[in-house]
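Student: this one's structure only:
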């Protein structure tokens, strides 16, 4: 298999790619103490992804070799513009904020620094996924936990309620801003890809790439915190809401998308996503059966979930039967369920990986997704593809994260993106949204993002050597900060290769104004007026104020969840095992003795020397 150029020469030009960044996501920070050396889910993850994006753009630009640089100014709608000039202007890549980076006229890529925001308590898709009957108990509790987090930590208490996993969850006052910004940016990306391909009633495109610079049928959304471990009301594994499932619900409620494919390539099983789509499919199936007697023709949402993951890692690391069973489910059709779980396999050579593993078991993700769509109507306007894109299976991930040797080469993220795009072209009019999940070492994030963006861009001539270890080290050196508050070095002793210098130039603009160690100055989004909301049928209210007594609360009424698809959250990890630090409360505090607060490590510790292995 040709891993570099993917599918080879394409008969059609590559579709436009939108890359979405959101600085609000940097507001989610660990505050239990100042020692963050063991915190792997950190704001700096986004910086590493931006470096990978910048390197991808610089390398793809070098393929085009334009005769002259693109103009900075965009043509305005009211200006008279010659057709040739307009076509050139619409083909250039721009960062949708000042200052702007211009790339080759042959690259159809746009980077957006999104400022989108929503209110957890007043958004139909969020309510559809995480709401409750009559009252948003979990969502309201989440906002309260974040609001009170500073006060809790100040007196030596954990900001995460007892009964929830203390070892892989944390909050701060800015976390809600980050969570809401992440969700809003995913929804913005969904709007963008739908807008790019939405037909008019007469069958002609009303908005297409050819006439609208903002339209892009493919998107990569670099956000945090991740989401695929969060169920309806069970946060875990760094996740408090499910970004991808909310995006799917938004597409369903706002754009009439009734069939969604979710392809999860994170190292860890997306137990939260599977739990949610099981419930969604269960309800849609029930309504379809009832419709035979009621005559109701309204279509519900159907979701296929396909995941390739390490069965030996979180959340299955302890071998709990319900979690292992859930991560091994393969069901296609019965009870309205469409789920395929594939376990990562070790490999001894790249030839074995590509010729045996990738074309063998890993190919089932897309094959079963195709069967799902073929059995439910085939290609159509109502189809959308998501990638839950974690880079923690990357060969450059921390050894402590991938200690079971279930890894993939960096080129996997390029090839899978190419294959997923071809799948979306066949079934979903090209609509595809890739959303960042895990990935924790800087090198894994940078290399994975670089390869993945190249794959999504669909540019021919991509070279696997671009993300070689030597080139990654050059990029890391060129973008390394010079101490606290210092600017990154744009060249290595003034002699960096042109593509490396270009990478640093693009990154300096993508990263301008981003703050990773202090709270963002951005204010909380204002609360929108009340509106009609669409809710799935679900259980009655839970009293999260009493979570210390029982977590999760007993389900009362509503749909009864069952089977391996809906495991209970793992119990809180021991603060002793997590290396928690002792914090003494101030005078007058609620605790009479010093108490250890747990570290957030998800069973891993980044090595002191990240390049040693």
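Tutor: Here it is on my side, so go on. Model, not experiment: these values are computed from the prediction. Numbers count the residues shown, from 1 in each chain.

Student: and stretch 399-418, how far from the chain's centre?
Tutor: 16 Å (C-alpha atoms, centre = their mean, to the nearest Å).

Student: Then stretch 373-393?
Tutor: That offset, for stretch 373-393, works out to 15 Å (C-alpha atoms, centre = their mean).

Student: buried set for it?
Tutor: Residues 373, 376, 381-393 are the ones in stretch 373-393 that count as buried (16 or more other C-beta atoms under 10 Å). Using the backbone N, CA and C atoms, a C-beta is placed for each residue, glycine as well.

Student: In strands, which of the residues you listed fall?
Tutor: Among the buried residues of stretch 373-393, the ones falling in strands (DSSP state E) are 383-389.

Student: circling back to that earlier point, report the two of the buried residues of stretch 373-393 separated the most.
Tutor: 381 and 392 (34.4 Å; C-beta to C-beta).

Student: Any regions of the stretch 1-150 of the chain where pLDDT drops low?
Tutor: Under the criterion pLDDT under 70, the flagged ranges of the stretch 1-150 of the chain are 1-13, 65-105, 133-134.

Student: Do a quick rundown of the helices in it.
Tutor: 44-64, 83-91, 124-130, 137-147, 149-154 (DSSP state H, counting those that start in this stretch).

Student: Tell me the gap between the fourth one and the middle of its chain.
Tutor: To tie it back to what came earlier, the one meant is helix 137-147. Per C-alpha atoms, centre = their mean, the centroid offset for helix 137-147 relative to its chain is 22 Å.

Student: Against which helices or strands is it packed?
Tutor: helix 124-130, helix 175-197 (3 or more C-beta pairs under 8 Å, 6 or more residues apart in numbering; DSSP states H and E).

Student: Same list (these) but as JSON lines, adding mean neighbour count.
Tutor: Below are the helices and strands packed on helix 137-147 laid out as JSON lines (neighbours: other C-beta atoms under 10 Å):
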{"stretch": "helix 124-130", "mean neighbour count": "25"}
{"stretch": "helix 175-197", "mean neighbour count": "25"}
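
Student: how about these, which one is nearest residue 152?
Tutor: Among these, helix 175-197 comes nearest to residue 152, with 12.8 Å by C-beta to C-beta.

Student: what angle sits between that closest one and strand 383-389?
Tutor: Between the axes of helix 175-197 and strand 383-389, defined by axes from the mean of the first three to the mean of the last three C-alpha atoms, to 10 degrees, the angle is 140 degrees.

Student: Can we start the residue count at 881 from this point?
Tutor: Taking 881 as the first residue, the last one we looked at is helix 1055-1077.

Student: Next, the angle helix 1017-1027 makes with helix 1055-1077.
Tutor: Using the same axes, to 10 degrees: helix 1055-1077 against helix 1017-1027 is 120 degrees.

Student: starting at the chain centroid, how far to helix 1055-1077?
Tutor: 11 Å.

Student: and if you look at stretch 1044-1058?
Tutor: With C-alpha atoms, centre = their mean, you get 17 Å for stretch 1044-1058.

Student: What of stretch 1349-1362?
Tutor: 25 Å.
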